[in-house]
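Q: Predicted model, plus sequence, below.
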Amino acid sequence: MKAFRVAALALVCSTVCFGASKEIIELQRDVELLQDKINTIQRTLDEKFAQLQALLQVSADTTKDTNLQVHDLSGSVSRSVGTQLAPVTNLSQRVEGVSEDVRALKDSLADVESRLDKLDAKLSDVQRSIQIQQNPPQAPPPTVGTDQSGVAGPNGAQPGAPVAPPAGMSAEQSFTAAMRDFETGNNELAQKEFQDYLTYFPNAALAPNAQYYIGEIEFNQGNYNDAIKAFDAVLERYPAGPKTPDAHYMKGRALLKSGQRTRAIQEFRDLIANYKGTNAARNAQDQLRQLNATTTTRHR
């Protein structure tokens with residue numbers, strides 16, 4: 001009986017073990033199939049990843065090449081633009097330089113014209129002085145009196161009477177000395193010498209010139225009201241003298257400097273109307289242009 005039970009138990013165990021073994025085998029087969037699928041998927045993923053890496057590398061290389069091309073193109077464009085704009089930049093700089101040169105040239109020309117005018121005046125004075133030396137005027141009568149300003153002379157004579165010059169003093173030497181001091185900048189002494197010349201030789205040929213240079217000295221020293229009076233003396237005493245146009249012009253400048261713009265403009269207009277073709281008239285036209293004024297009075 002006992003043996004039968006053992007045999008039955010062994011049979012049951014054998015049956016169970018056979019069934020379990022079969023399930024294990026099937027399970028192993030499923031695992032192997034699953035492992036094959038996993039391996040296949042892994043290989044597929046590896047292949048895809050490798051392809052993706054290749055694409056990324058190609059894209060990176062392409063981007064790098066593109067950046068290099070863009071950089072090269074940008075540099076080329078910059079160089080090309082710089083090369084093309086270089087003439088324009090140089091031209092602009094040259095234009096600015098030429099403008100500065102033109103302004104400097106205008107200033108130089110104005111200065112040259114002013115010096116030429118003064119030189120013409122001085123040459124005229126020298127010519128007159130030479131003429132006077134070649135044909136000296138008769139000596140004035142030996143009487144004493146005052147100069148034309150109405151101030152009593154050295155010996156207390158009445159206004160209007162001729163004044164005798166000191167011994168050894170001549171009109172030619174007096175005017176030459178005054179011009180020498182004027183040209184060397186010794187204005188104070190020159191002004192006194194011109195005034196002495198007018199005192200002792202009021203009717204001499206160079207008297208208008210002496211009176212004019214007194215006004216120019218006052219103008220250069222900034223005494224514009226005194227300069228106006230001196231130029232008025234030229235116009236009143238010597239209306240037909242050689243310095244009349246210049247006296248008109250300098251009077252206009254003195255009026256302008258003293259703030260009398262309207263009177264200055266009228267003075268310039270009168271000068272242009274009455275002394276056409278003279279240097280003084282041309283200078284007056286320049287002054288009117290600078291003042292934006294017309295050369296003639298506008299009538300309403």
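A: Great, that's in hand. Numbering: from 1, shown residues only.
Q: so where is the stretch 151-300 of the chain shaky, pLDDT-wise?
A: 151-162, 297-300 (pLDDT under 70).
Q: That one: helices as residue ranges?
A: Per DSSP state H, counting those that start in this stretch, the stretch 151-300 of the chain carries helices over the ranges 171-183, 187-200, 207-220, 224-237, 244-257, 261-274, 279-290.
Q: Check which helices and strands the third one sits against.
A: The reference is to helix 207-220. Judged by 3 or more CB pairs under 8 Å, 6 or more residues apart in numbering; DSSP states H and E, helix 207-220 is in contact with helix 2-134, helix 171-183, helix 187-200, helix 224-237, helix 244-257. Just so you know, the C-beta spots here come from the backbone N, C-alpha and C atoms, and that holds for glycine as well.
Q: so what's Tyr200 closest to, chain neighbours aside?
A: Pro165 (3.8 Å; CB to CB, 6 or more residues apart in numbering).
Q: burial of the one you found, as a residue count?
A: The number of residues packed near Pro165 is 18, by other CB atoms under 10 Å.
Q: my read: it touches Leu198, true?
A: No: counting by CB atoms under 8 Å, Pro165 does not reach Leu198; the two are 11.5 Å apart.
Q: Which of the helices and strands packed on helix 207-220 has the lowest mean pLDDT?
A: Among the helices and strands packed on helix 207-220, helix 2-134 carries the lowest mean pLDDT, a mean of 71.
Q: re earlier: mind putting the helices of the stretch 151-300 of the chain in CSV, distance to Glu96 and mean neighbour count included?
A: Below are those laid out as CSV (distance: least, CB to CB, whole Å; neighbours: other CB atoms under 10 Å):
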stretch, distance to Glu96, mean neighbour count
helix 171-183, 39, 19
helix 187-200, 41, 20
helix 207-220, 35, 24
helix 224-237, 38, 19
helix 244-257, 32, 23
helix 261-274, 34, 18
helix 279-290, 24, 17
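Q: Indicate which one of the ones you listed is closest to Asp101.
A: helix 279-290 (20.9 Å; CB to CB).
Q: Restricting to C-alpha, output the closest one in CSV.
A: C-alpha atoms of helix 279-290 as CSV (Å, rounded to 0.1, in the frame of the first residue of the first chain):
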residue,chain,number,x,y,z
ASN,A,279,38.2,152.5,-56.1
ALA,A,280,36.3,154.2,-53.3
ALA,A,281,33.0,153.6,-55.2
ARG,A,282,33.9,150.0,-55.7
ASN,A,283,34.7,149.6,-52.0
ALA,A,284,31.4,151.2,-51.1
GLN,A,285,29.6,148.7,-53.3
ASP,A,286,31.3,145.9,-51.4
GLN,A,287,30.3,147.5,-48.1
LEU,A,288,26.6,147.7,-49.2
ARG,A,289,26.7,144.0,-50.3
GLN,A,290,27.9,143.0,-46.9
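Q: what packs against that helix?
A: Contacts defined by 3+ CB pairs under 8 Å, 6+ apart place helix 279-290 against helix 2-134, helix 244-257, helix 261-274.
Q: so how far is Phe194 from Ile25?
A: Taking CB to CB, to the nearest Å as the measure, Ile25 falls 147 Å from Phe194.
Q: wait, I meant Pro87
A: Counting by CB to CB, the separation of Pro87 from Phe194 is 60 Å.
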